[in-house]
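J.: here is the input, now give the coordinates:
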Amino acid sequence: MDKIKIIFLGTGSAIPTAKRNHPAVLLQYRDENILVDCGEGVQRQFRIAKINPVKLTRVLITHWHGDHVLGLPGLIQTLMLNGYNKILKIYGPAGTKKMMELYIRLFAHKGRDIKIEVNEIDKGIFADEKDFFISAEEMEHDTPCLAYSFNVKERSRIDKNKLDKLGIKGKIIGELARGKIIMVNGKKINLEKLIYKEAGRKIVFVMDTVYNPKIEKFAIDADLMICEATYSSDKEDLAKEYMHLTTKQACLIAKKAKVKELFLTHFSQRQGENSKKILKEARHIFRKAEVAEDLKNIIL
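T.: Have a look, this model is predicted:
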């Protein structure tokens, strides 16, 4: 099974702290390096994490608030100066093309241009590859905002243990793959007897939204949900006023959506100072909750 690696490059919100940078999460899967949001200072976080930003393939912007996008000009400049030779695919809600045109005009260097493909999206699947697809859902904030879901597709795999037990190797495997029936110890063997289904996997990213029932439907049965918890549960009125989620709300969403694991992030400068308190509050509602920390990584 190909691993999915998640690296938290920033877990704070509008005002960074000594412990928490502006929001950014990197997802690595096979040849894909997908950055979800790009807060200020993300270039340095790449360096501290010992990750080469030139490996980036896609950037998913949840919305155009400064703490989620002010790292883009510097990141693009870094890619330019380091000979980035791929097409950087950037996705975001309505207004993304206009903002990217402004960024590129302000910060591009003549002679060091890179290829950037900008896509404005709303809800539904917007990237569908052989092994995975990415979808979006519209959230409720004070500006167009999206949640994202990265989905590894279910696929058929040949059971190597069965091959070894039967002594099948080399050219014979190729014959099986082409649909040929072979004889092993007097028994007919075909490919159907040797394959199994490798389950798909689902990673959901929810940032900056007031509670709404679309979140639960979008996150249903996710293997991992990365969700904002800007405010503590006793600040629900403040969360509603500024259109954010509390720790309690994020955990209830995960519980109702039957999420396997939840990582809380995007903490306000006060909320994020006490990880133990957040974790205790969260696990009282959802046992498989964790508190994201800058530069922490997860492997699925």
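J.: which ones are touching the closest residue to E293 other than its chain neighbours?
T.: For E293, ignoring the flanking residues on the chain, the nearest one in space by C-beta to C-beta, 6 or more residues apart in numbering is T11 at 6.2 Å. Where you see a C-beta, it was placed from the backbone N, CA and C, and this is true even at glycine. T11 makes contact with R20, N21, P23, T265, H266, F267, G272, A292, E293, D294, according to C-beta atoms under 8 Å, 6 or more residues apart in numbering.
J.: show me what contacts E138?
T.: Contacts of E138 by C-beta under 8 Å, 6+ apart are P93, D122, K123, P144, C145, L146, K214.
J.: state the pLDDT value of it.
T.: Note on E138: pLDDT of 98.
J.: what's the answer for L166, then?
T.: So, for L166, pLDDT stands at 69.
J.: again with L194
T.: 69.
J.: cool, the one 5 residues further on as well?
T.: pLDDT, A199: 90.
J.: ranges for the helices of the stretch 51-200 of the chain?
T.: All helices of the stretch 51-200 of the chain, identified by DSSP state H, counting those that start in this stretch, fall at 66-69, 72-81, 96-107, 160-166, 171-177.
J.: what residues of the longest one count as buried?
T.: By neighbour count, and taking 16 or more other C-beta atoms under 10 Å as the criterion, the buried residues in helix 96-107 are T96, M99, M100, Y103, I104.
J.: please name the residues that touch the third one.
T.: To tie it back to what came earlier, the one meant is M100. L72, I90, I116, V118.
J.: same check, this time on the fourth one
T.: Going by C-beta under 8 Å, 6+ apart, Y103 touches L72, P73, I76.
J.: just the pLDDT for the residue nearest to the second one when sequence neighbours are not counted.
T.: So the one you mean is P73. Of all residues beyond its chain neighbours, the one nearest P73 is F107 (4.4 Å), with distances taken as C-beta to C-beta, 6+ apart. On pLDDT, F107 comes in at 71.
J.: next: N85.
T.: pLDDT at N85 comes out at 93.
J.: burial count for it?
T.: 9 (other C-beta atoms under 10 Å).
J.: repeat that for G83.
T.: Neighbours of G83 using other C-beta under 10 Å come to 9.
J.: against N33, how distant is it?
T.: 16 Å (C-beta to C-beta, to the nearest Å).
J.: now R201
T.: 17 Å.
J.: swap in H22?
T.: Counting by C-beta to C-beta, the gap from H22 to N33 is 19 Å.
J.: so if I had to pick from these two, which one is more boxed in?
T.: H22 (26 against 21).
J.: for that one, what are its contacts?
T.: H22 neighbours (C-beta under 8 Å, 6+ apart): G10, G12, S13, P16, G39, E40, G41, V42, D67, H68, L70, G71.
J.: nearest to K169, of the residues you listed?
T.: Comparing the contacts of H22 against K169 with C-beta to C-beta places V42 closest, at 46.4 Å.
J.: what sits closest to the closest one if chain neighbours are left out?
T.: G71 (3.8 Å).
J.: who touches the one you found in this structure?
T.: By C-beta under 8 Å, 6+ apart, the neighbours of G71 are H22, A24, C38, G39, E40, G41, V42, Q43.
J.: so which strand or helix has the fourth one?
T.: Element membership for G39 (DSSP states H and E) is empty, with no helix or strand holding it.
J.: verify the contact between it and I15 for me.
T.: No. Applying C-beta atoms under 8 Å, one finds G39 not in contact with I15, separated by 11.3 Å.
J.: higher neighbour count, these two?
T.: Ranked by neighbour count (other C-beta under 10 Å), G39 and I15 place G39 first, with 28 against 12.
J.: tell me how far the more buried one lies from V25.
T.: 10 Å.
J.: shared neighbours of these two, which are they?
T.: By C-beta under 8 Å, 6+ apart, the residues touching both G39 and V25 are L9, G10.
J.: for Y211, which non-adjacent residue is closest in space?
T.: Going by C-beta to C-beta, 6+ apart, Y211 has Q249 as its nearest residue, at 5.0 Å.
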